[in-house]
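A.B. asks: based on what follows, work out the 3D shape:
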Amino acid sequence: MRLVVPHRHRDETSDGGGSRRRAARAFAWSTSEYIDEAAFAALLVDMSGDDESTRRFVEDFVSLWETRAQRLTNAFAEEETEAAYVVLLSIRASARMLGAIPLEAAALRMLAALQTTELLACSVQIADVLELGENSCLALTARLAHPPACA
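C.D. replies: Residues are numbered from 1 along each chain as shown. Next comes the predicted model:
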């Protein structure tokens, strides 16, 4: 079953991340659908157990998501295959490190499609990547706000 998150109207002014934090609180229950906990734990190990470095990495991914999404959208609108490929590689690599497996898979599908299909034919997959990216950001924010209890 796939969670459908209603589209939120975005205000162009920043509120210091408060809106994203509020949305993440409401989203906390579905974290596991978008973030693989074992892969996320591996990131912590890769960062030598440094919670603060892991937090910064997650926060950087979340804060850069809108920019990546816009660059991807622009690359397709401007028919810039190389730019689309670079953005998708960035999304895929970061998603893999963070355990955002559905987002990684969607980016990988688009990368594969770009190698065999014209750019415009791949554009139908953008909505999936953008939705998974937004949901992954919400899940990551929720994961930071409510880490799982240690066993």
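
A.B. asks: so who does the residue most central in space within the chain touch?
C.D. replies: The residue lying closest to the centre of the chain (CA atoms, centre = their mean) is residue 133, at 3.3 Å. Neighbouring residues of residue 133 by CB atoms under 8 Å, 6 or more residues apart in numbering: 65, 68-69, 91, 103. The C-beta positions use only the backbone N, C-alpha and C, and glycine is treated the same way.

A.B. asks: would you reformat the residues you listed as CSV and include pLDDT and neighbour count?
C.D. replies: Converted to CSV, the contacts of residue 133 look like this (pLDDT from 0 to 100; neighbours: other CB atoms under 10 Å):
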residue, pLDDT, neighbour count
65, 98, 20
68, 98, 18
69, 98, 18
91, 98, 29
103, 98, 29
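
A.B. asks: mind telling me what element the residue nearest to the centre of the chain is part of?
C.D. replies: helix 126-145 (DSSP states H and E).

A.B. asks: got the buried residues for that helix?
C.D. replies: Using 16 or more other CB atoms under 10 Å as the burial criterion, the residues of helix 126-145 that qualify are 126, 128-144.

A.B. asks: helix or strand for residue 67, which one?
C.D. replies: helix 51-77.

A.B. asks: and the angle from the helix or strand that that helix is followed by to helix 51-77?
C.D. replies: Going down the chain from helix 51-77, the next helix or strand is helix 81-98, by DSSP H and E. With axes from the mean of the first three to the mean of the last three CA atoms, to 10 degrees defining the directions, helix 81-98 sits at 150 degrees from helix 51-77.
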